[in-house]
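Visitor: what follows is a predicted protein model with its sequence.
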Amino acid sequence: MELEGSEKDTVVTQISIGGFDHHVKAIDLMAFLEDKIGLVFRCRLKTSWTAPESYPNFENINRLNIMKNNETKQVKPHAFVHFATHESVTSALSCSLVMNNQPLKVTLGPENPYRMNQRRRTTTPNKLSDVILEIGNLVRRDEFYVAWKGPSYGVDFLVDPFDRACKFCFTRDTAFSFKDMSQVVVMKCDFKVEFLVRDIYEIKQYTDTSYLVVLLQLASSPRVWYRTADDDIEVSVPFDLLDDDDPWIRTTDFTPSGAIGRCNSYRVSIPPRHGAKLKRAMNYLREQRVQENHLRFALKFRNEPDFGAPMSDPIFYVHGEKGIPFEIMFSLNVVVHKGIFTQHQISDRVFDLLRTQPKEVNLAALKLISSYKRPVFDAYERLKKVREWLLGNPKLLKIPRKLDDIAEVRRLVITPTRAYCLPPEVELSNRVLRKYKEVADRFLRVTFMDEGMQTMNMNLLTYYAAPIVKELTSNSFPQKTKVFERVKSLVTDGFYLCGQKYFFLAFSSNQLRDSSAWFFAEDSKITCKSIISWMGKFLNKNVAKCAARMGQCFSSTYATVEVPLTDVNFNLEDIERNDYVFSDGIGMITPDLAKEVAEKLKLDINPPSAYQIRFAGCKGVVACWPAKGDGIRLSLRRSMNKFDSKHSVLEICSWTRFQPGFLNRQIITLLSTLNVPDEIFWEMQETMVFKLNQMLTDADVAFDVLTGSCAEQGNVAAIMLSAGFKPQVEPHLRGMLTCIRAAQLWGLREKARIFVPSGRWLMGCLDELGVLEQGQCFIQVSTPSLENCFSKHGSRFGETKNNLEVITGFVVIAKNPCLHPGDIRILEAVDVPGLHHLYDCLVFPQKGDRPHTNEASGSDLDGDLYFVTWDENLIPPSKKSWNPMQYDPAQAKLLPRNVTQKWS
């Protein structure tokens, strides 16, 4: 019976059952349920699962350490049942089932989005059974090296239009290690190797002597799942059914040689009897625009050298050779990890070639090759030709001038199955890289990601047992996956790369959000411990705070002027009331020091009125205020001081400047809740879209968009428009306008970023004079103008002036994220002559029962940006704020001692 492509019910037809005796078989349970409830399509009975604190062990196991399965703790028997109708599920859930005097427990499967979406499935996958799977690399156009062979039988290949994915499913014995135990237990497990159709960049197809052969070449490694499989299965129908609710668990590369991680080609040999199904599968892949190539010849294939040899390192890389610098080996691995060269092409001839030219020539050649989109089958000849071409164009070998605030950072991306060396990126430097610039090449930024460069989420690191197992074992705690163990091992023990061993150093707050961290390759002189010691004293009893303080030194900053500690007041009094700190994160800087900083940043034409800073162990914002004549040029509050440090260079993260205002989905939702008519947002969106559609043909509209909603990003295009260039005839200008238009339309579609002409994003500051009352604020903004476009980091094209406007009346302020109606604050902006030296910032009062910053999403004044609008259409009709939400911080978990760091 064939159901592929047929309609299926979108209702639940599966349940999980437990509570029966160990001697019950699947056929017995199926007969019982059919007698009491209704027709059963499939019954899968299990007595095993992944025990807590156990992990798959894919290494070669000593047979003497293997325990018998019955020596380990097994879970109580349970079953996953697939009924014919939804009514049977309803009946099973509502009645009390008793089997052999044992009351049965009945539950639905996990109600997560994935399972709920699977129940909407209308097509079954194209399933090709008993295929032969071989993983390897195409080393020449007609030769394939095999790195791993799948099981000799029982391998299924599925092309699934519903999930837009391809899957290999099979069963194999797997060893499991337990925490604090040397012995292992071997259990039978189902494995699923899955990749999205969009990850296939080419399919090669040909006919072998007795098989239909498909060679899938992937752009990224597949995702790997497993689940225990000591199943007793009884099926009553001949057609394929949906997968049951037994959860799959993410894991790492199970091949001893790391074939899944380092190889990108999958050779699938399909029995001819599946010809019709293969044709349907290939038609679907063509519809998805997967490139297809029919070969007129059969590929030669053989086992790779050292076939089956286990990997010696947790990540794969081409090992270095004597006389070849680290920088060249890293760049060579960039090319190999991208799949342009294969490891088998990197021969002694290639290494000898790299030794014959200066480092700059080799680096330029490898950088150019790393930009290729297709693999190269002769690494030696291609590298030789590229170097010859570069030597004939010496201008391409010119080394750019190095700047103090710019660093070239090497990156490594680690996924569950592999690692990618990425080309060095130029980015804003930090305190540590500037100090250790002589060994900057030994710093490495490591990012942990899922396959396909997707974000690593908690589902990769933890898993829950099936709901029925939770009920039977009373275990609802998340368990750690093998992927978690891989990440933990790399962070704790470090890893080798290109002849250097890297150890975990620290991470900044931004890196933590991206699952990134800094690693460092130690030597006898400079170690991670010595770097941390130079950074400062971190005397914290809370682990998270201690890590955040260390990361403060890795914030991307501009180094400006050195301020002697004698010119700094570290004890400026905080303003506290009702257990709130009104001055949390805000300090003061004198005009002369602020001018020096602006000159260093080449912002002296229109000097900012406030800076977000890092100084010694302090972080926060300093606003410009007149000097008191006591020799103090920088005043910092105790709330700004996070750790002890002797570093005396004033570092700048950001500064106040013109930043156009945009709504987002959260702000729109809350304003709508506060009775701002939805028509207002619709009209603003329509106006924005109209202008974006006109900007490629109407120069006046384009100029309006660039000066009003693009901040500094539109300066060059605005200058070109003012000089008379037209987008219709100038391709460079049209290209810039097209990019700006595409970026704003993307923001509008994905985040509802609607431009607000009467709005800004402003940095928060404090009224040090104490003249503002509770509910008031001071706002002075620079207005968009052509003159401001003529000044960019000190490049003066003409005389400029700062057009300022003082805002008065009711304003709406908000800080992201904002989820509660009370996060929208309605304040009255007033004109205070004593605050006119502050502009492009939002000045809050120091009076009141609670800081307005804290009322707005629990924020403070250490650099937070606030959305501000004085557009009357966006001010709620009541002109009153909702009661703010209480943002009391959770109680920190403190150790009985200061946090210490383990050094390898």
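Guide: Structure's in. What do you need?

Visitor: quick check: residue 670 vs residue 814, distance?
Guide: Distance from residue 670 to residue 814, counting by Cβ to Cβ, to the nearest Å: 7 Å. (Each C-beta comes from the backbone N, C-alpha and C, glycine too.)

Visitor: who touches both of the two?
Guide: 823-824 (Cβ atoms under 8 Å, 6 or more residues apart in numbering).

Visitor: would residue 335 count as being in a helix?
Guide: Yes: assessed by DSSP: H, G, I helix; E, B strand; the rest coil, residue 335 belongs to a helix.

Visitor: count residues in the vicinity of it, would you?
Guide: 27 (other Cβ atoms under 10 Å).

Visitor: residue 370 is in contact with that one, correct?
Guide: Yes: between residue 335 and residue 370 there is a contact under Cβ atoms under 8 Å: 5.1 Å.

Visitor: could you pull out the helices in the stretch 251-400 of the chain for me?
Guide: Applying DSSP state H, counting those that start in this stretch to the stretch 251-400 of the chain gives helices spanning 259-262, 275-287, 326-337, 348-355, 359-369, 379-391.

Visitor: residue 458: which of these is closest?
Guide: In terms of Cβ to Cβ, the element of the helices of the stretch 251-400 of the chain nearest to residue 458 is helix 259-262, at 22.2 Å.

Visitor: show me what the closest one is packed up against.
Guide: For helix 259-262, the packing partners by 3 or more Cβ pairs under 8 Å, 6 or more residues apart in numbering; DSSP states H and E come out as strand 132-140, strand 143-149.

Visitor: quick check, residue 834 in a helix?
Guide: Yes: assigned with three-state DSSP, residue 834 falls within a helix.

Visitor: where are the low-confidence patches of the protein?
Guide: The chain contains residues with pLDDT under 70 at 1-11, 60-65, 67-73, 110-122, 475, 785-802, 904.

Visitor: just the CA trace of the longest helix along it, in PDB.
Guide: Longest helix in the chain, counting residues (DSSP state H): helix 731-751. Extracted in PDB, the C-alpha atoms of helix 731-751 (Å, rounded to 0.1, in the frame of the first residue of the first chain):
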ATOM      1  CA  PRO A 731      26.600  52.600 -10.600                       C
ATOM      2  CA  HIS A 732      28.600  53.000  -7.300                       C
ATOM      3  CA  LEU A 733      26.000  55.400  -5.900                       C
ATOM      4  CA  ARG A 734      23.100  53.100  -7.100                       C
ATOM      5  CA  GLY A 735      24.800  50.200  -5.400                       C
ATOM      6  CA  MET A 736      25.100  52.000  -2.100                       C
ATOM      7  CA  LEU A 737      21.500  53.100  -2.300                       C
ATOM      8  CA  THR A 738      20.300  49.600  -3.100                       C
ATOM      9  CA  CYS A 739      22.200  48.200  -0.100                       C
ATOM     10  CA  ILE A 740      20.700  50.800   2.200                       C
ATOM     11  CA  ARG A 741      17.200  50.200   0.800                       C
ATOM     12  CA  ALA A 742      17.600  46.400   1.200                       C
ATOM     13  CA  ALA A 743      18.800  46.700   4.800                       C
ATOM     14  CA  GLN A 744      16.000  48.900   5.900                       C
ATOM     15  CA  LEU A 745      13.400  46.700   4.200                       C
ATOM     16  CA  TRP A 746      14.900  43.700   5.900                       C
ATOM     17  CA  GLY A 747      14.600  45.400   9.300                       C
ATOM     18  CA  LEU A 748      11.100  46.400   8.500                       C
ATOM     19  CA  ARG A 749      10.100  42.900   7.600                       C
ATOM     20  CA  GLU A 750      11.900  41.000  10.300                       C
ATOM     21  CA  LYS A 751      11.800  43.400  13.200                       C
END
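
Visitor: let me see the residues that make contact with that helix.
Guide: 662, 664-665, 685, 688-689, 692, 695-696, 702, 705-706, 709-710, 713-714, 716-717, 720-721, 725-728, 753-755.

Visitor: gap between residue 75 and residue 775?
Guide: From residue 75 to residue 775 the distance is 61 Å (Cβ to Cβ).

Visitor: meant to ask about residue 747
Guide: 32 Å.

Visitor: so which residues of the stretch 651-800 of the chain form strands?
Guide: 660-662, 755-766, 776-782, 791-792, 795-796 (DSSP state E, counting those that start in this stretch).

Visitor: same question for the stretch 101-250 of the chain.
Guide: With DSSP E, counting those that start in this stretch as the criterion, the stretch 101-250 of the chain has strands spanning 102-103, 105-107, 126-128, 132-140, 143-149, 156-160, 165-178, 184-196, 200-207, 212-218, 223-228, 232-235, 249-251.

Visitor: which of these sits most buried?
Guide: strand 249-251 (a mean of 23; mean count of other Cβ atoms under 10 Å).

Visitor: ok, and what's touching that one?
Guide: 50, 56, 223-227, 416, 459-460, 463, 481-483.

Visitor: gap between it and the chain center?
Guide: Centroid displacement of strand 249-251 relative to its chain, using Cα atoms, centre = their mean, to the nearest Å, is 19 Å.

Visitor: can you pull the contacts of residue 476?
Guide: 464, 470.

Visitor: output stretch 184-201 as PDB - backbone C-alpha positions only.
Guide: The C-alpha coordinates for stretch 184-201 follow below in PDB (Å, rounded to 0.1, in the frame of the first residue of the first chain):
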ATOM      1  CA  VAL A 184      31.200   0.700  29.800                       C
ATOM      2  CA  VAL A 185      27.900  -0.900  28.700                       C
ATOM      3  CA  VAL A 186      27.100  -1.700  25.000                       C
ATOM      4  CA  MET A 187      23.600  -1.000  23.800                       C
ATOM      5  CA  LYS A 188      21.900  -1.100  20.500                       C
ATOM      6  CA  CYS A 189      21.100   2.400  19.200                       C
ATOM      7  CA  ASP A 190      19.300   4.000  16.300                       C
ATOM      8  CA  PHE A 191      21.300   6.700  14.600                       C
ATOM      9  CA  LYS A 192      20.000   9.400  12.300                       C
ATOM     10  CA  VAL A 193      22.300  11.500  10.100                       C
ATOM     11  CA  GLU A 194      20.400  14.400   8.700                       C
ATOM     12  CA  PHE A 195      21.100  17.400   6.500                       C
ATOM     13  CA  LEU A 196      18.900  20.000   4.900                       C
ATOM     14  CA  VAL A 197      18.400  20.000   1.100                       C
ATOM     15  CA  ARG A 198      19.800  23.500   1.000                       C
ATOM     16  CA  ASP A 199      23.100  22.100   2.300                       C
ATOM     17  CA  ILE A 200      23.600  20.000  -0.800                       C
ATOM     18  CA  TYR A 201      25.700  22.000  -3.300                       C
END
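
Visitor: domains in the protein, by residue range?
Guide: 14-118, 126-229+246-303, 326-399, 407-552, 558-655, 660-874 (automatic domain parsing).

Visitor: make JSON lines from those domains and add distance to residue 884 to it.
Guide: Listed next are the domains of the chain as JSON lines, based on distance: least, Cβ to Cβ, whole Å:
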{"stretch": "domain 14-118", "distance to residue 884": "33"}
{"stretch": "domain 126-229+246-303", "distance to residue 884": "41"}
{"stretch": "domain 326-399", "distance to residue 884": "50"}
{"stretch": "domain 407-552", "distance to residue 884": "25"}
{"stretch": "domain 558-655", "distance to residue 884": "12"}
{"stretch": "domain 660-874", "distance to residue 884": "4"}
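
Visitor: what's the closest of those domains to residue 895?
Guide: domain 407-552 (4.9 Å).

Visitor: and that closest one, how far apart are its ends?
Guide: With Cα to Cα, to the nearest Å as the measure, domain 407-552 spans 17 Å from end to end.

Visitor: same question for stretch 888-903.
Guide: Stretch 888-903: ends 35 Å apart by Cα to Cα.

Visitor: then stretch 240-249?
Guide: Start-to-end, stretch 240-249 (Cα to Cα) is 22 Å.
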